[in-house]
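*Asks:* Requesting a structural model of the entry that follows:
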Amino acid sequence: MQNQILKVGPLLNQEGKLINPGWAKELLLDYKRSAIRASKHRIKEWDYYCIINHESKKGIALTIADNSYMGLLSVSYLDLNKPMEITKSSMKAFTYGKYKLPETSKLGNLSVNQGDAFIEFVVEGNDRIISVDYEDFSEGKALKGEIILHQPSDMDSMVIATPFSGDSRAFYYNQKINCMGVVGKIYFGDEKIIFDKDNSFGVLDWGRGVWTYSNTWYWGSGSGLIDNVPFGFNIGYGFGDTSKATENMVFYNNKAHKLADVEFHIPKDDYLKPWKFTSSDNRFEMDFVPIIDRNSKTDLILLKSIQHQVFGYFTGKVVLDDGKEVYIKDFLGFAEKVLNKW
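*Replies:* Now for the predicted structure:
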């Protein structure tokens, strides 16, 4: 049975185990890296932002991740008109927490300068300021700029605290903040990408945890406006034992509406063929027409990662907690399948 977390408290007990597995609409439990009792090799921490302009159909995604044995800075530039994407990453071995990712999404700044890449995430009140300066991002052209995401104080988010079966000290603590309005500019060579709060929206994926070695997860997200009302969704599974907490939510006018299980129906032979999404409670039924597959494959025998993050258009219906039906058509978002052995 799903368990809603309603009270503040520590995330882990003295043995490094989850005290209260479940889901919430805000970050109520306190994460402390020092409370972890598992091997330091297995600690994974990341902040990931994805911002899309629904009008120009251009976007950017940025990651700062400290996966213990490997630190990662990654930037993706997206042009869904062409369509095309460019992703460049800078890696550093054996970081083991040296990036000092904040222990909460509410406070703390994160700044990493590595190789020819600089990424900074700053929290100032209800704003999240992202700065990037990536020299020689592609074909000698730099990618740089600053954008600001606004998170209203009354905005709900998706939070899960999930264990992993078979390992009592493994867990995933995750917050997804959808529907943040965005303003700012990114320069890619001579090209200027403008983000405006009326047509540009971002999502934060804030993840902290101890992971088991082999995992496959599915995640989908969208943020925008429906009839001038902020609308978004977060769907997914594969993030540990979700018997007490799934991450399926719809956001309407900044309020969360909890869903049951959502299933991804992905064509087996081609990620760019149409997908379908269905839910056990019939409250999230979508068709998905892919535009571009941002994919990568790393296979180092012991370490393996196969990623397919597919951007495209969602069309279908969601049902809110009060029974209101919301229909969307050609709504930009993404869905992904990621396999990791790490």
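*Asks:* How many residues are close by Gly97?
*Replies:* Counted with other C-beta atoms under 10 Å, the neighbours of Gly97 add up to 14. From N, CA and C alone the C-beta is placed, and that goes for glycine too.
*Asks:* oh, I was asking about Glu336
*Replies:* Look at Glu336: counted by other C-beta under 10 Å, it has 21 neighbours.
*Asks:* quick one, what contacts the closest residue to Val319 other than its chain neighbours?
*Replies:* Excluding the flanking residues, the one nearest Val319 by C-beta to C-beta, 6 or more residues apart in numbering is Arg283, at 4.0 Å. Residues in contact with Arg283 (C-beta atoms under 8 Å, 6 or more residues apart in numbering) are Val250, Leu259, Ala260, Val318, Val319.
*Asks:* Pretty sure the last one sits against Ala260.
*Replies:* No. At 11.1 Å, Val319 does not count as touching Ala260 under the criterion of C-beta atoms under 8 Å.
*Asks:* ok so, going back, relative to Val250, how far out is the residue nearest to Val319?
*Replies:* Computed with C-beta to C-beta, to the nearest Å, the distance linking Arg283 and Val250 is 8 Å.
*Asks:* Give me the common contacts of these two.
*Replies:* Both Arg283 and Val250 are contacted by Leu259, Val318, under the criterion C-beta under 8 Å, 6+ apart.
*Asks:* related to what we said a few turns ago, who has more neighbours, Val319 and Ala260?
*Replies:* Taking neighbours as other C-beta under 10 Å, Val319 and Ala260 compare with Val319 leading, 18 against 13.
*Asks:* what sits against the more buried one?
*Replies:* Applying C-beta under 8 Å, 6+ apart to Val319 gives the contacts Asn282, Arg283, Phe284, Glu325, Val326.
*Asks:* so which strand or helix has Arg208?
*Replies:* Taking DSSP states H and E as the definition, Arg208 sits inside strand 200-210.
*Asks:* send the alpha carbons of that strand over as CSV?
*Replies:* The C-alpha coordinates for strand 200-210 follow below in CSV (Å, rounded to 0.1, in the frame of the first residue of the first chain):
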residue,chain,number,x,y,z
SER,A,200,9.6,27.9,-21.3
PHE,A,201,9.5,25.5,-18.4
GLY,A,202,12.0,23.3,-16.5
VAL,A,203,12.1,20.3,-14.3
LEU,A,204,14.6,19.4,-11.6
ASP,A,205,15.6,15.8,-10.9
TRP,A,206,17.3,15.8,-7.5
GLY,A,207,18.5,12.4,-6.6
ARG,A,208,20.5,11.0,-3.6
GLY,A,209,20.9,7.4,-2.6
VAL,A,210,22.7,4.1,-2.3
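*Asks:* Show me what that strand packs onto, helices and strands only.
*Replies:* Packing partners of strand 200-210 (3 or more C-beta pairs under 8 Å, 6 or more residues apart in numbering; DSSP states H and E): strand 43-53, strand 141-150, strand 167-188, strand 214-226, strand 229-237.
*Asks:* Tell me which residues of stretch 197-214 come out buried.
*Replies:* Neighbour counts using 16 or more other C-beta atoms under 10 Å place 199-212 of stretch 197-214 among the buried residues.
*Asks:* Could you do stretch 310-318 as well?
*Replies:* Val310, Phe311, Gly312, Tyr313, Phe314, Gly316, Val318.
*Asks:* Mind telling me which residue is nearest the centre of the protein?
*Replies:* Centroid-nearest residue in the chain: Asp205, 3.1 Å away (criterion: C-alpha atoms, centre = their mean).
*Asks:* what sits against the closest residue to that residue other than its chain neighbours?
*Replies:* With sequence-adjacent residues excluded and distances taken as C-beta to C-beta, 6+ apart, Asp205 is closest to Tyr48, at 4.1 Å. Applying C-beta under 8 Å, 6+ apart to Tyr48 gives the contacts Ala61, Leu62, Thr63, Ala65, Leu204, Asp205, Trp206, Gly207.
*Asks:* Skip the chain neighbours and tell me the closest residue to Arg169.
*Replies:* For Arg169, ignoring the flanking residues on the chain, the nearest one in space by C-beta to C-beta, 6+ apart is Ala38 at 4.3 Å.
*Asks:* you'd agree the one you found is up against Ala170?
*Replies:* Yes. The criterion here is C-beta under 8 Å, and Ala38 meets it with Ala170 at 6.6 Å.
*Asks:* Between those two, which is the more surrounded one?
*Replies:* Ala170 (22 against 18).
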